[in-house]
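> Sequence first, then the predicted structure:
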Amino acid sequence: MDSTSPQLAAAALETGPDAMLVVDSDWTIRVANRQVTAILGYASDEVLGRDIECLVPERFRERHIAHRNAYMTQMRVQSIGLDRDLYALRRDGTEVPIEIGLSPIENNGEVLAVVSIRDATYRRSVEAA
């Protein structure tokens, strides 16, 4: 397999330890890997075409929309959640503590963002001990 092949990129995205999403400029989920199931309980195809807000607990949505809109004006690689508590909404309605990574990418002139979601349950339990 050529190191620049689309298959290699797809395999890396699919087999990583974190839930990985690719969202467009409207924050519509365009790609989701299988870790979305392990961490959030959704089958990958269940979130495709949905707004990322479906993964944000209701109590955080208004603030999240402001943050995501600000990110699109100054896209850069960044990590979020190490210095504050962030939560994602699982399919069953429960919340899971998370850390998020954001990375801008371009595909055929379209600006997208790669969103990595890491379950922070263990880290937070260790910090609390």
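Perfect, thanks for sending it.

> Pull the distance from the lengthiest helix in the chain to the chain's centre.
Secondary structure of the chain per DSSP state H: the longest helix is helix 61-73. Offset of helix 61-73 from its chain centre (CA atoms, centre = their mean, to the nearest Å): 14 Å.

> start to end distance for stretch 24-40?
Using CA to CA, to the nearest Å, the end-to-end distance of stretch 24-40 comes out at 20 Å.

> ok, the closest residue to P97 other than its chain neighbours - contacts?
Nearest residue to P97 in three dimensions, chain neighbours excluded: A120, at 4.3 Å (CB to CB, 6 or more residues apart in numbering). Quick note: C-beta positions are derived from backbone N, CA and C, even for glycine. Contact analysis of A120 by CB atoms under 8 Å, 6 or more residues apart in numbering lists G81, L86, P97, I98, E99.

> ok, and the most crowded of those residues?
I98 (23 neighbours; other CB atoms under 10 Å).

> on that earlier part again, okay, who's weakest in the contacts of A120 by pLDDT?
The lowest pLDDT within the contacts of A120 belongs to G81, with 67.

> What mean pLDDT does stretch 28-35 get?
For stretch 28-35, mean pLDDT is 95.

> Thank you kindly, that will do.
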